[in-house]
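Novice: 3D, please:
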Amino acid sequence: MTPTTKQLIVTAALTALPLVAHATEGGGTSYPLGAENYMSGAMPPPGFYGQLFVTHYEADNLRGNDGRKLPVDFRVRANAVTPRLIWVSDYTLFGASVALHAIVPLVDLKVELNGQSQSKQGLGDVIFGPALGFHHSEKFHSILALDMIAPTGRYDRGDLANTGRNYWVIEPVYAMSYIDPDGLNLDAKIMYDFNRENPATDYRSGQEFHVDYAVGWGLGNGWVLGVGGYYYRQTTDDRQNGETIENNKGRALAVGPSIKYTSKAGWFVTGKWEQETEVRNRAQGNAYWMKLTVPF
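Specialist: Next up, the predicted model:
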């Protein structure tokens, strides 16, 4: 199944910035952009699998609608340890393996803004959903999934830092992987977010399109070396109290080095660093990601 983690609240901390232009509510997303890496579209054989994501993100500036740095003293730092359980069943549907997964993020967040500071630790928004895994050839694989993001993280509209976003998200997913241990490796996880309204603020964030990607070369000894990152674009306007909020759609591109190691015992680990650029109406920073996948 797609080895995805989906919940690290990073720029959700910006909810307390009503006077600063930002895309979506608080300038954040329910999905942690760039979380995925190699093997994102390859579902394993039937069985139980565990994944562990470890993440560090930090940013020290906010970008406006023109891409320029906004005149605020701002810093956010977020760490997360995120376990994920995957069950791939023996059942098939339309020639694909049927699977289920659940993700439970544990978040440590700190936000500083114009001399104020707040930290929070705890559960983030839990992700779960079904998936279908297709094996088109020995090297080409894909996954079709429907994920739900539940508002289980702590949220207070008056707080500077929040580990949850306080609204449901429906997220269709299509992921694909081309895997060659001795050559080209290509991965893309394509997602589209339908955000529900935050009942505490009557705010509904716009719909979002984003892709996590990885491109690398297999060395034939279990190692893959290359680059990875994400592309993000908000596609519709936000709305609050029935009114449309214009000229605040977010976008961003991130890129950085990415590696993978696959052991002969069946487990694999990926790691990457990614720098955000071309940012609009969001925080701009960088992230470190590590993902470990182990069969039970």
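Novice: what secondary structure does the closest residue to W223 other than its chain neighbours sit in?
Specialist: What sits nearest to W223 in space, not counting adjacent residues and going by CB to CB, 6 or more residues apart in numbering, is Y261, at 5.6 Å. All C-beta atoms are positioned from the backbone trio N, CA, C, and that covers glycine. When classified by DSSP: H, G, I helix; E, B strand; the rest coil, Y261 comes out as strand.
Novice: kindly report the same for G26.
Specialist: Classified using three-state DSSP, G26 is helix.
Novice: neighbours around I179, how many?
Specialist: 21 (other CB atoms under 10 Å).
Novice: so for it, what's the pLDDT?
Specialist: Looking at I179, its pLDDT is 97.
Novice: give the contact list for it.
Specialist: For I179, the contacting residues are 38-39, 42, 139-141, 185, 218, by CB atoms under 8 Å, 6 or more residues apart in numbering.
Novice: can you check W168 too?
Specialist: Neighbour list for W168: 148-151, 196 [criterion: CB under 8 Å, 6+ apart].
Novice: could you check the pLDDT of the residue nearest to W223?
Specialist: In this model, Y261 carries a pLDDT of 98.
Novice: one step back: please tell me which one of the contacts of W168 counts the most neighbours.
Specialist: I149 (28 neighbours).
Novice: can you name every helix or strand that the worst-scoring helix or strand of the chain on mean pLDDT contacts?
Specialist: In the chain, no helix or strand scores lower on mean pLDDT, DSSP states H and E than strand 243-245, which sits at a mean of 91. If you count contacts as 3 or more CB pairs under 8 Å, 6 or more residues apart in numbering; DSSP states H and E, strand 243-245 packs onto strand 238-240.
Novice: the strand it packs on pairs with which strands, and in what direction?
Specialist: Strand 238-240 pairs in its sheet with strand 203-204 (antiparallel), strand 243-245 (antiparallel), by DSSP bridges.
Novice: show residues contacting the shortest one.
Specialist: In other words, strand 203-204. 25, 167, 195-198, 238-240.
Novice: isn't G206 up against T235?
Specialist: Yes. Using CB atoms under 8 Å, G206 makes contact with T235 at a distance of 6.7 Å.
Novice: overlap in contacts of the two?
Specialist: Common contacts of G206 and T235 (CB under 8 Å, 6+ apart): K249.
Novice: which of the two has more neighbours?
Specialist: Ranked by neighbour count (other CB under 10 Å), G206 and T235 place G206 first, with 20 against 12.
Novice: which residues touch the more buried one?
Specialist: 23-24, 195, 234-239, 249.
Novice: one more time with 10 Å, if that's ok
Specialist: Contacts here follow CB atoms under 10 Å, 6 or more residues apart in numbering; on that basis G206 touches 23-25, 193, 195, 234-239, 244-245, 248-250.
Novice: please report the distance of it from E25.
Specialist: 9 Å (CB to CB, to the nearest Å).
Novice: mind listing the shared neighbours of these two?
Specialist: With CB under 10 Å, 6+ apart as the test, G206 and E25 both reach 195, 238, 245.
Novice: most surrounded residue in these?
Specialist: Neighbour count (other CB under 10 Å) singles out N195 as the most crowded of those, with 24 neighbours.
Novice: and it, what are its bridge partners?
Specialist: Bridge pairing for N195 - DSSP bridges - gives V169.
Novice: what of L186?
Specialist: Under DSSP bridges, the beta-bridge partners of L186 are Y178, V215.
Novice: correct me if wrong: it contacts H141.
Specialist: No. L186 is beyond contact range of H141, at 11.1 Å (criterion: CB atoms under 10 Å).
Novice: need the residues touching each of those two.
Specialist: Here L186 and H141 have 41, 176-179 as joint contacts, going by CB under 10 Å, 6+ apart.
Novice: greatest separation within those: which pair is it?
Specialist: M176 and I179 (10.4 Å; CB to CB).
Novice: what touches both of those two?
Specialist: 41-42, 140-141, 186-187.
Novice: from these, which is closest to L93?
Specialist: Distance to L93 across the shared contacts of M176 and I179 (CB to CB) is lowest for H141, with 16.1 Å.
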